[in-house]
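**Q** turn this into a structure:
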Amino acid sequence: MKRFQLYGRLPSPANRPPMYNPMYNDEGQPLAKPDLTTSIIKRNEGFYKNSNCFFCHSGVSAGIVSAGQPNAHIDQSGYAAELTFLISFATLLERHLSLLQLVSFNAIARARFNNKLLELAYLFDDVKAESQPILSRALVRGDNMGPYIVWKKIARLKDPANSGLLTLRPDETSPLDYFFQVPELPTVISNPWWIRKYKSTNYRYADPIEYIVPHFSFNFTKQFPGVNEYHPQHVADISKILVYADNTTSPAYPGKLDAEKVKLGKQLFHSETTSRSGHRLDCFSCHGRYQKETDFDTPGGYTVYYDDFDPDRRLKNVGTDPEYARLLLSFTPLNKKGRLLARFFDDPELLPEAFLPDKVGYLAPPLDGVWASAPYFHNGSVPTLYHVLKADERPAVWSRTNTDPFAYDLKKVGLLYQEKDISSESYARWKTAAKANPLSEEAREFRRWYNTSGMGRSNQGHDWFSAILDNDEIYAVVEFLKSLSGPTMKNGIPKPKRYYQLEQ
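**A** Prediction:
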C-alpha cells in the first residue's frame, strides 16, 4: 500500500511467482514478491531490477487492477527525485562494485556485476541523460512524460545515418535539447491498451505506421555499445508485448446497470432520438457506433464500429487544450533527425519511425472501458464522465485520492476528488517550494492537486452538452458509457494487419 501511496505502484497478482536474488548463489535466494510494476531482468551475467510497462500502463478503478489502464496515480516526478538521489549515491560507490548490490533503482539493482563496470556506466548515462530529466518535469500525479523521453532520445542520437541508435554521452549536448528546456511541458495521458484492437493509429494524433514494432522498440531502447546489434532481437521481444497489449480487454463495470437508462443513453449517443430540448447528439461520428447484442442491464455485448481511417474522425478540435498538439507541430526538426535512421536501417521491419500531426487537434478514441479511464480529456483535466458532459460544473483545482485504491465515484464515474480555493500567488509559492524539495511531504501533497489554469492543463472544450441535455439525460448517457466494458466487447471493423515478427 505504501508504494501505491508514494508512486502509484500496484501490487502483483496472487499467482505471480516470487523472484530470486542471484547475488547469494547460483540458485538464488527467495525475494519478497515485487510489485506489478517491477521486473528482475537477466542480461549476460548481470541481473537488473527495472520498472516495467505496468508502471505507466496499469491502473486501478474501484479496487479493480487492470493491465493496460493508464495509471492515474503515478508520480513520475517523485520517482525521478528518488532516481536523482540514488544515482548520486551509486556514483560515489561506482568503484566498489560489491557495495552496489545495495542499490536498487530503475535499470540498476541487486546484481553480481563481476566486470560490469562499463555496462553499469552506460546504464547510468541512459537514466541521467534521458529518463530522469524528463520524468522530473511531471507536475502532478497522473502526468505522463513518457512521450518526451522518446523525442529526447531522438534529439540525442549521435549520428543516426551512420551510428544508428547510439546516443551522445551525458556530458555532450545536442542543439535540439532546447525543445525540452522550456519552463513546462504539457502533459498527455496514455490511451488504454484495450482500445488498440479498434485503431489503426497508436497515439492521440493521427500516426499510422505499418511497421510499428521497431517504432515501439525504439521507445524502450537503452544505451550500451552493442545497441544496434541487439536491435533485431529487441524488435522481436517488443512484438510479443504488443501482441499482449492488443489482446487486453477492459474491466467490466462492477456496479448495477439501469437498463432503461442505458437504452436511452445509447439512443441519445447515436442520435436515434432527440433530447428534451429538441437537439440531437452526434457522439458516434467521432467515437464510433456501438451495437448491443445482449441485455441492457449487462455490461459488454457490444460490437464496436470505429474507423480512424475516416477523414471525418481525424484530429478533431473541440476546444480542448491545444498546447500538446502545438508543441508536437514544433517538433519538425526532431522528426527530421529521426528520419535519418532510414539511412542506417534499410530494412523497414527494423526501422524506427515517428509521425507528427498536420494540424492542432486530437483523435477521438473509441469508448470501450471508458468508465475505468479517468481522468478524462487528453491532459487528464476532468475527473469524471459526468463533468465531461457537464462543463459548467468542472472543478478548477482538484485533487485525487492516492491513499485508497477503492476510492472511485461510480455515480459520476471517475475519480473521487476534493476541490481547493487557492489564489494564483499562493499556488505559485507552493509550486516553487515543491520543486525545490520534491521528496518532501509538502511536495507530495502538492502533486495531488491538478490546477486547470496551468499551461497545457485547461479543462475547457467539449462543452455543448450542458446546454442541450438535462441532468437526467446526462446521467443516461453516463449509464450507457458504463455499459461499454468487459471481455465481450467485439471489433466490428477489422483493421489492416500490423506487422509482427510472430503470429498473433
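**Q** and for the spatially most central residue of the chain, nearest residue in space, chain neighbours not counted?
**A** Nearest to the mean C-alpha position of the chain, by Cα atoms, centre = their mean, lies S190 at 3.1 Å. Using Cβ to Cβ, 6 or more residues apart in numbering and skipping the chain neighbours, the partner closest in space to S190 is P70 (4.3 Å). Heads up, the C-betas are built off the backbone N, CA and C, glycines and all.
**Q** rewinding a little: which helix or which strand is home to the residue nearest to the centre of the chain?
**A** For S190, there is no helix or strand it lies in under DSSP states H and E.
**Q** check it and give its pLDDT.
**A** Among the per-residue scores, S190 holds a pLDDT of 89.
**Q** again with E293
**A** So E293 comes in at 92 (pLDDT).
**Q** got the phi/psi numbers for the nearest residue to it once chain neighbours are set aside?
**A** The shortest distance from E293 to any non-neighbouring residue, by Cβ to Cβ, 6+ apart, is to G301 (5.0 Å). In terms of degrees, to the nearest 10, the main-chain angles of G301 are phi 70, psi 20.
**Q** what's the neighbour count on G301?
**A** By the measure other Cβ atoms under 10 Å, the count of residues near G301 is 18.
**Q** contacting residues for L439?
**A** G78, A81, E82, F85 (Cβ atoms under 8 Å, 6 or more residues apart in numbering).
**Q** any idea which element the residue lying closest to P352 once chain neighbours are set aside lies in?
**A** Leaving aside its chain neighbours, P352 sits nearest to F218 (3.5 Å; criterion: Cβ to Cβ, 6+ apart). Using DSSP H and E, F218 sits in helix 212-219.
**Q** for this structure, just list every one of the strands.
**A** 20-21, 29-30, 38-43, 46-51, 58-61, 64-67, 104-105, 108-109, 289-292, 302-305, 397-400, 417-419, 449-451, 490-491 (DSSP state E).
**Q** how far away is the residue lying farthest from the centre of the chain from G78?
**A** Distance from the centre of the chain peaks at G278, with 38.9 Å (Cα atoms, centre = their mean). Remark: distance between G278 and G78 (Cβ to Cβ, to the nearest Å) = 50 Å.
**Q** got it, and K316?
**A** From K316 over to G78 (counting by Cβ to Cβ), the distance is 34 Å.
**Q** and what of T401?
**A** Relative to G78, and taking Cβ to Cβ, T401 is found at 16 Å.
**Q** give me the more crowded residue out of these two.
**A** A count of neighbours by other Cβ under 10 Å puts G78 above the other of T401 and G78, at 21 against 15.
**Q** show me which positions of stretch 403-415 end up buried.
**A** Under the neighbour-count criterion of 16 or more other Cβ atoms under 10 Å, stretch 403-415 has P405, A407, Y408, D409, K412, V413, G414, L415 buried.
**Q** report the two of those residues separated the most.
**A** The span of those, defined through Cβ to Cβ, is set by P405 and K412 at 18.3 Å.
**Q** what's the burial count for T249?
**A** Quick note: T249 (other Cβ under 10 Å) scores 19 neighbours.
**Q** same check on N491?
**A** 15.
**Q** test my guess that it contacts K197.
**A** Yes. Look at N491 against K197 with Cβ atoms under 8 Å: they come within range, at 5.3 Å.
**Q** any idea how many residues pack against D297?
**A** There are 14 residues near D297, going by other Cβ under 10 Å.
**Q** please renumber the chain so that the first residue is 519 from this point on.
**A** All right, first residue 519 from here; so that's D815.
**Q** contacts only, for it.
**A** K774, L775, D776, A777, V780.
**Q** could you check how far it is from Y926?
**A** 21 Å.
**Q** so where is the stretch 669-818 of the chain shaky, pLDDT-wise?
**A** Where the stretch 669-818 of the chain drops to pLDDT under 70, the residues are 724, 726-727.
**Q** do the same with the chain
**A** 519, 536-551, 559-567, 604-646, 724, 726-727, 828-831, 920, 1014-1022.
**Q** contacts for stretch 774-781 next, please.
**A** In contact with stretch 774-781 (Cβ under 8 Å, 6+ apart) are residues D813, F814, D815, T816, P817, Y993, A994, E997, F998, K1000, S1001.
**Q** doesn't D813 make contact with the last one?
**A** No. Counting by Cβ under 8 Å, S1001 does not reach D813; the two are 10.0 Å apart.
**Q** who has more neighbours, those two?
**A** Neighbours were counted for S1001 and for D813 using other Cβ under 10 Å; S1001 has more, 28 against 10.
**Q** residue contacts, the more buried one?
**A** Taking Cβ under 8 Å, 6+ apart, one finds Y771, L775, V780, F814, T816, P817, G818, Y820 in contact with S1001.
**Q** ok now stretch 917-934, how far from the chain's centre?
**A** Here stretch 917-934 is found 19 Å from its chain centre; the criterion is Cα atoms, centre = their mean, to the nearest Å.
**Q** CA-only coordinates of it, as PDB, when you get a sec.
**A** Presented in PDB, the C-alpha positions along stretch 917-934 are these (Å, rounded to 0.1, in the frame of the first residue of the first chain):
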ATOM      1  CA  SER A 917      -7.100  16.500  -6.000                       C
ATOM      2  CA  ARG A 918      -7.200  12.800  -6.500                       C
ATOM      3  CA  THR A 919      -7.200  10.400  -3.500                       C
ATOM      4  CA  ASN A 920      -4.000   8.400  -3.600                       C
ATOM      5  CA  THR A 921      -4.400   6.500  -0.300                       C
ATOM      6  CA  ASP A 922      -7.300   4.200  -1.100                       C
ATOM      7  CA  PRO A 923      -7.300   2.100  -4.400                       C
ATOM      8  CA  PHE A 924     -11.100   1.500  -3.800                       C
ATOM      9  CA  ALA A 925     -11.800   5.300  -3.900                       C
ATOM     10  CA  TYR A 926     -13.900   5.700  -7.000                       C
ATOM     11  CA  ASP A 927     -17.100   7.500  -7.900                       C
ATOM     12  CA  LEU A 928     -19.500   5.000  -9.500                       C
ATOM     13  CA  LYS A 929     -22.300   7.500 -10.000                       C
ATOM     14  CA  LYS A 930     -20.500  10.300 -11.800                       C
ATOM     15  CA  VAL A 931     -17.900   7.700 -12.900                       C
ATOM     16  CA  GLY A 932     -14.400   8.700 -12.200                       C
ATOM     17  CA  LEU A 933     -12.000   9.800  -9.500                       C
ATOM     18  CA  LEU A 934     -13.200  10.800  -6.100                       C
END
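**Q** so what touches it?
**A** 522-523, 526, 528, 578-581, 583, 590-591, 593, 659-660, 772-773, 889, 892-894, 900-905, 935-936, 938, 966-968, 996, 999-1000.
**Q** swap the cut-off to 7 Å and go again
**A** 522-523, 578-581, 590-591, 659-660, 773, 889, 892-893, 901-904, 935-936, 938, 966-967, 996, 1000 (Cβ atoms under 7 Å, 6 or more residues apart in numbering).
**Q** drop anything exposed from these.
**A** Buried among the contacts of stretch 917-934 (16+ other Cβ under 10 Å): 522, 578-580, 590-591, 659-660, 889, 892-893, 901-904, 935, 938, 966-967, 996, 1000.
**Q** contacting residues for Y808?
**A** Y820, V822, L1002.
**Q** wait, which of those is closest to S569?
**A** L1002 (30.7 Å).
**Q** grab the nearest non-local neighbour of P678.
**A** Closest to P678 by Cβ to Cβ, 6+ apart is L858, at 4.1 Å.
**Q** now S958
**A** A952 (7.5 Å).
**Q** wouldn't that neighbour be in contact with F964 here?
**A** Yes. Under the criterion of Cβ atoms under 7 Å, A952 makes contact with F964 at 3.9 Å.
**Q** what about the longest helix in the protein?
**A** Determined from DSSP state H, the single longest helix within the chain is helix 745-764.
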